[in-house]
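1. Sequence and predicted structure, then a few things I'm wondering about:
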Amino acid sequence: MILVDTSALYAVLDRDDQNHPVAKATWGRLLETDDTLLVTNYVVVETTALVQHRLGREAVRVLCGDILPALDVHWITEADHMHAQTALLATDRRRLSLVDCSSFHVMRNRVVRTAFAFDPHFREQGFDVLPGAIARGKEAAPTKSSE
């Protein structure tokens, strides 16, 4: 099972994103595997809002029609939300979001070791990250997809 983050979904959709070529290739490879591709409903909401704001409604149609059907959605419960909120408030880090904290919580609870993400917080939290460049510590400065 692999958790898919907003940073990866956005990079797959935005041809101008510096991570687009590797994101598109990684996405294609993931679709050819038997791995379950997991996403939280919080990531779906965050990604949809970001894509609509930056790329427009046609990109949202592609997200909803072509990408989201390939994902298994984990619906954040009230307990998940409260755990993520507590973690967020305990970290006191501006660039770490409630969505990130909820993803980390779900990954730990469902014993998911790998994320498809361009957000360095996943590696910082001890998870394996696809594509491999980030896992090897070669992440670039924050881009549109990792803000």
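-> Yes, it's here. This one's a predicted model, so the numbers in the text were calculated from it and none came from an experiment.
2. could you pull out the strands for the chain?
-> Under the criterion DSSP state E, the chain carries strands at the ranges 2-4, 37-40, 72-74, 114-116, 128-130.
3. Format those as JSON lines; extra columns: distance to A87, mean pLDDT and mean neighbour count.
-> To be clear about C-beta, it is placed using only N, CA and C from the backbone, and glycine gets the same treatment. Below are these laid out as JSON lines (distance: least, CB to CB, whole Å; pLDDT from 0 to 100; neighbours: other CB atoms under 10 Å):
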{"stretch": "strand 2-4", "distance to A87": "16", "mean pLDDT": "98", "mean neighbour count": "25"}
{"stretch": "strand 37-40", "distance to A87": "14", "mean pLDDT": "98", "mean neighbour count": "22"}
{"stretch": "strand 72-74", "distance to A87": "17", "mean pLDDT": "98", "mean neighbour count": "14"}
{"stretch": "strand 114-116", "distance to A87": "16", "mean pLDDT": "98", "mean neighbour count": "23"}
{"stretch": "strand 128-130", "distance to A87": "19", "mean pLDDT": "97", "mean neighbour count": "20"}
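4. Turn these into CSV, including distance to V62.
-> Output for the strands of the chain, formatted as CSV (distance: least, CB to CB, whole Å):
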stretch, distance to V62
strand 2-4, 15
strand 37-40, 16
strand 72-74, 17
strand 114-116, 17
strand 128-130, 21
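5. Run a quick neighbour tally on the nearest residue to L88 once chain neighbours are set aside.
-> Leaving aside its sequence neighbours, L88 sits nearest to C101 (CB to CB, 6 or more residues apart in numbering; 4.6 Å). Neighbour count of C101, defined by other CB atoms under 10 Å: 25.
6. Okay, now the unreliable bits of this structure?
-> Scanning the chain for pLDDT under 70 picks out the ranges 133-147.
7. tell me, what residue is most central in it?
-> Nearest residue to the geometric centre of the chain (CA atoms, centre = their mean): D5, 0.5 Å.
8. residues contacting that residue?
-> Contacts for D5 (CB atoms under 8 Å, 6 or more residues apart in numbering) come out as V43, S103, A115, F116, A117, F118, D119, F122.
9. Go through the residues you listed and name the one nearest D34.
-> The nearest member of these to D34, counting by CB to CB, is F116 at 15.3 Å.
10. Would you mind measuring from that closest one to G132?
-> 11 Å (CB to CB, to the nearest Å).
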